[in-house]
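>>> When you get a sec, could you give me coordinates for this:
(one chain, ligands or ions: 2)
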Amino acid sequence: MKKISERKRIVVKVGTSTLTHKTGRLNIRRVEQLVKTLADLYNAGHEVILVSSGAIGLGMGKLGLRERPKDTKGKQACAAVGQCELMYMYDNLFSNYSITVAQLLLTKYILLEDRRTNVENSLETLLSMGVIPVVNENDTVAIDELELEVGENDSLAAIVATIAKADLFIMMSDIDGLFDKDPNSSDDAQMIPVVQEITDEIRGVAGGVTTNVGTGGMRTKIRAVEIAFEAGIDVVLMNGKTPKKLYDLFEDKPVGTLFTKKDS
Ligand SMILES: Nc1ncnc2c1ncn2[C@@H]1O[C@H](COP(=O)(O)OP(=O)(O)O)[C@@H](O)[C@H]1O
Ligand SMILES: N[C@@H](CCC(=O)OP(=O)(O)O)C(=O)O
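Ligands and ions are numbered 1, 2, ... in the order given. I've put the predicted structure just below:
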């Protein structure tokens, strides 16, 4: 297996729970650390694609809503407001390190059709220009996702990693890694450091659902790993609370759960 430090092109997915406080407002300290660390990895020679959730959460905060809207159009309105705030923030923070960002709003369906070549070309061109692409689901278009309450970016990020032919896909969540049971409901849950195959047992331990602000849960993360595995891409699931741990990861220290296919 190629060392993590040798992986050049990385896709990093951050969830709502990493970016926001429980109030729905931006977790400024966390986001500043995340951007600083990603900027440093970029300066060290990595190509970085960021897949960022948080539009609905930030929109809720900005509109002063206490709860996530239940109806699709409410969620879409929140996403439309929050996406501006999200990109404004990334643009500002990355510019402190003289890094330019780009916004890509995609849907999984577009990526699976012929138009994926357009996305591939855009990503390649942006990366060759030294830009950090920031991807989110185009929530005002992808209504079926929102209606199903799945509205998750985990598999979108895995598809982006596939299209970009990433060397590593990192998912940052509100949890240290994959556990043998949901640690939020069992005190004796143990973290699994390495997973080499997605078996029914692994799917079983990921059965739990979700936090207040996020939408995906562990199930969608395992589905994302399966998409990445099909393209031969390794995945790291780690806690977004401590973005600085990315330094440890790229110094080849164990961080979170590494999903690496047996024969990779
Ligand atoms: N086996 C498991 N290992 C780790 N977390 C699990 C497991 N099963 C369920 N979960 C839950 O999944 C949550 C992470 O998913 P989610 O709330 O969607 O986060 P994010 O917003 O980062 O995508 C954890 O907080 C945890 O409660
Ligand atoms: N596109 C939505 C995605 C919501 C979502 O996937 O949330 P999460 O489970 O925290 O990754 C948003 O930006 O709010």
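>>> elements contacting the longest helix seen in the chain?
In the chain, assigned by DSSP state H, the helix with the most residues is helix 72-95. Helices and strands touching helix 72-95, by 3 or more C-beta pairs under 8 Å, 6 or more residues apart in numbering; DSSP states H and E, are helix 28-43, strand 47-52, helix 55-63, strand 101-106, strand 132-137, helix 143-147. The way it works is simple: take the backbone N, C-alpha and C, and place the C-beta from them, glycine included.
>>> three-state assignment of residue 237?
At residue 237, secondary structure determined by DSSP: H, G, I helix; E, B strand; the rest coil is strand.
>>> from memory it sits against residue 179, does it?
No - shown here, residue 237 and residue 179 do not form a contact pair, counting by C-beta atoms under 8 Å, at 10.3 Å.
>>> And the helices in the stretch 101-250 of the chain?
108-112, 116-128, 143-147, 154-163, 200-205, 217-230, 245-249 (DSSP state H, counting those that start in this stretch).
>>> can you put those in a markdown table and add distance to residue 191 and mean neighbour count?
Listed next are those as a markdown table, based on distance: least, C-beta to C-beta, whole Å; neighbours: other C-beta atoms under 10 Å:
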| stretch | distance to residue 191 | mean neighbour count |
| --- | --- | --- |
| helix 108-112 | 29 | 15 |
| helix 116-128 | 32 | 15 |
| helix 143-147 | 30 | 17 |
| helix 154-163 | 19 | 26 |
| helix 200-205 | 11 | 13 |
| helix 217-230 | 12 | 21 |
| helix 245-249 | 14 | 19 |
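>>> Out of these, which gets nearest to residue 172?
helix 245-249 (8.6 Å; C-beta to C-beta).
>>> Could you check the pLDDT of the nearest residue to residue 94 once chain neighbours are set aside?
Among residues not flanking residue 94 along the chain, residue 101 sits closest, at 5.1 Å (C-beta to C-beta, 6 or more residues apart in numbering). Looking at residue 101, its pLDDT is 98.
>>> Contact partners for residue 101?
By C-beta atoms under 8 Å, 6 or more residues apart in numbering, the contact list for residue 101 reads 50, 87, 90-91, 94, 131-134.
>>> Same question for residue 67.
So residue 67 contacts residue 60 (C-beta under 8 Å, 6+ apart).
>>> Assign it to helix, strand or coil.
Per three-state DSSP, the secondary structure class of residue 67 is coil.
>>> Need phi/psi at it.
phi -120, psi 150 (degrees, to the nearest 10).
>>> Now do it, the pLDDT please.
88.
>>> which stretches of the protein have low pLDDT?
110-112, 143-151, 208-217, 263-264 (pLDDT under 70).
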